[in-house]
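>>> how would this look folded up:
(one chain, ligands or ions: 3)
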Amino acid sequence: MSSYVFEKIAPQTDMHVICVHAEEKNSALSEMLHRLIKQHEFKAESDDILIHQTPDETILLLGVGTPKTIYDFEKIGAAVFKNTQKWKEGKISVAIPEVNNPDQLAAVMSGLALRDWRFDSLKTKTKKPVKNHDYVIVVKDPAEATKAYAVFDAMVQGNQATREVVSLPPNMIYPESYAHRIRDELTPLGVKVTLIDQKKLKELGCNGILAVGEGSEKDSYLVILEYSNGPANQDPLAFVGKGVTFDTGGISIKPSAHMDDMKYDMAGSGVVYGLFKTLALRKAKVNVIGALALVENMPSGSAYRPADVITSYSGQTIEVLNTDAEGRVVLADALWYVQKHFKPQLIIDLATLTGAMTVALGSEFAGIFSDDDELVAQLIEASNFVEEKLWRMPLHKAFDKDIDSTVADVQNTGTGRGAGSSTAAHFLKRFVKDDMKWAHLDIAGVAWDTKGRDLFEKGATGFGVRMLNRFIEKILEK
Ligand code: BES
Ligand code: ZN
Ligand code: ZN
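Ligands and ions are numbered 1, 2, ... in the order given. Sure, this is the predicted structure:
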């Protein structure tokens, strides 16, 4: 990992990045740049990049357009990181002349740090060479920028914690090891972590979680997180995450091509974990609870079957028509748990729930399902702010009717092939009380990226941590 600091005086170094933005056209700085370009020989690498490179000195002029939003400034940081990767290891001075807003400067550092993460801990031979630079961002008021960055740093660390657990292979992260990791990481930060193990799940009657985990050698867990740092009279926000550490489909087994993707079927729970890390690190003055349903969905002689009927924790009976529609079955119990044991003011669940979501929205948007217009608007606002984009999808009584079972209260798939994401959302809705504010985020298409994005290399994105952190900041803390 590289290091990042803000300093007032440009460091003694032979490597420089100057971020040139359109705002400065007629300024004194523009004159200085012209002088610089005249004095040194610059070579155009692309439309946005001029580079002067001699054995003694490297100067990069990085055109960054007209940055306006915090995300634009994060993109600048990520671009600085990308464009300095081939340089020799050492100190790099980074200037963004005439930008003095501490949040904008902190966002540049956040972009650098977010981009500076990869999952290569399991490679022993062919690690992609990474240059660990010491980045010095030269600013007028380092103390102010450093203070602003503390909040971003918590978000960066939460996002990276999510990406780490989502990237780990299913033999290394399974319900028990995952539950222990969550407990060991979050307890020291002041989060109360309760592990509900298989024995306790049986006593409680969480038969949805138990049924899905039945075919696996690994024990299932429900992990409850409580972070209470807000006003005593503030009802908590609840976040519920799907944590299927591997989804083979079970007896309704998936085709073998791309089955390996299903290691990220625990991404919803990974986001809840990363979000709590962020909130605790930045000591957010809020009350939040989390419920993470951790199971492995395997086929075996003890696995649950299509046609089984399960009595869920809520008491409602579920007819299993497809063992691959397992996420909703475990979430049913987790959703009920938070309503029975706490008094949340709202519930947001996150799940890589349906392949149909990817068909509808690809990897650009996650789907949001909710009857609450205000909550949808607040979440979409937050999602646009951090560029983790949401698109509203329909709930409708026709989809609800489609999951009426002939033998039980509800069945775990729709009758036809259509609207798979909406019928899945309606299944969850059956386990949310009528007066409860609730939104379901289907992150199946966005949890893992195959191309790479502005701020991330390809792989786990941590989609949701930055958005929910912003949402909480906006609705509870301002
Ligand atoms: N984990 C999958 C959904 C998924 C697919 C997530 C692709 C990420 C990428 C989920 O458990 C599942 O298998 N859903 C089925 C439901 C169907 C059987 C009703 C699906 O989407 O095909
Ligand atoms: Zn499945
Ligand atoms: Zn699944």
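
>>> tell me which element residue 160 is part of?
helix 142-167 (DSSP states H and E).

>>> Remind me what the helix or strand that contains residue 226 packs against, helices and strands.
Following DSSP H and E, one finds residue 226 within strand 221-228. Using 3 or more C-beta pairs under 8 Å, 6 or more residues apart in numbering; DSSP states H and E as the contact test, the elements touching strand 221-228 are helix 175-186, strand 192-196, helix 198-204, helix 267-281, strand 287-297, helix 327-341. For glycine as for every other residue, the C-beta is placed from the backbone atoms N, C-alpha and C.

>>> follow-up on the earlier one: report all helices and strands that the helix holding residue 160 contacts.
Helices and strands touching helix 142-167, by 3+ C-beta pairs under 8 Å, 6+ apart, are strand 3-7, helix 102-115, helix 175-186, helix 267-281, strand 459-460, helix 465-476.

>>> These: which one's closest to ligand 2?
helix 267-281 (12.7 Å; C-beta to the ion).

>>> Report the rounded mean pLDDT for that closest one.
Average pLDDT, helix 267-281: 99.

>>> just checking, what packs against that helix?
Using 3+ C-beta pairs under 8 Å, 6+ apart as the contact test, the elements touching helix 267-281 are helix 142-167, helix 175-186, strand 221-228, strand 237-247, strand 287-297, strand 346-351, helix 465-476.

>>> Of all these, which one is nearest ligand 2?
Of all the helices and strands packed on helix 267-281, it is strand 237-247 that lies closest to ligand 2, at 4.4 Å by C-beta to the ion.

>>> ok, and for the closest one, which residues are buried?
Buried residues in strand 237-247, defined by neighbour count with 16 or more other C-beta atoms under 10 Å: 237, 238, 239, 240, 241, 242, 243, 244, 245, 246, 247.

>>> just to revisit the earlier point, can you put the helices and strands packed on helix 142-167 in TSV and add mean neighbour count?
Shown next, in TSV, are these (neighbours: other C-beta atoms under 10 Å):
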stretch	mean neighbour count
strand 3-7	17
helix 102-115	25
helix 175-186	19
helix 267-281	29
strand 459-460	21
helix 465-476	22
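
>>> on that earlier part again, now check the helix holding residue 160, is it near ligand 1?
No - counting by C-beta under 6 Å from any ligand atom, ligand 1 is not contacted by helix 142-167; separation bottoms out at 11.5 Å.

>>> Assumed residue 76 was part of a helix.
Yes - looking at residue 76 with DSSP: H, G, I helix; E, B strand; the rest coil, it is inside a helix.

>>> Would you agree it is in contact with residue 96?
Yes - under the criterion of C-beta atoms under 8 Å, residue 76 makes contact with residue 96 at 6.9 Å.

>>> so what sits against both of the two?
Taking C-beta atoms under 8 Å, 6 or more residues apart in numbering as the criterion, residue 76 and residue 96 both touch 19, 64, 108.
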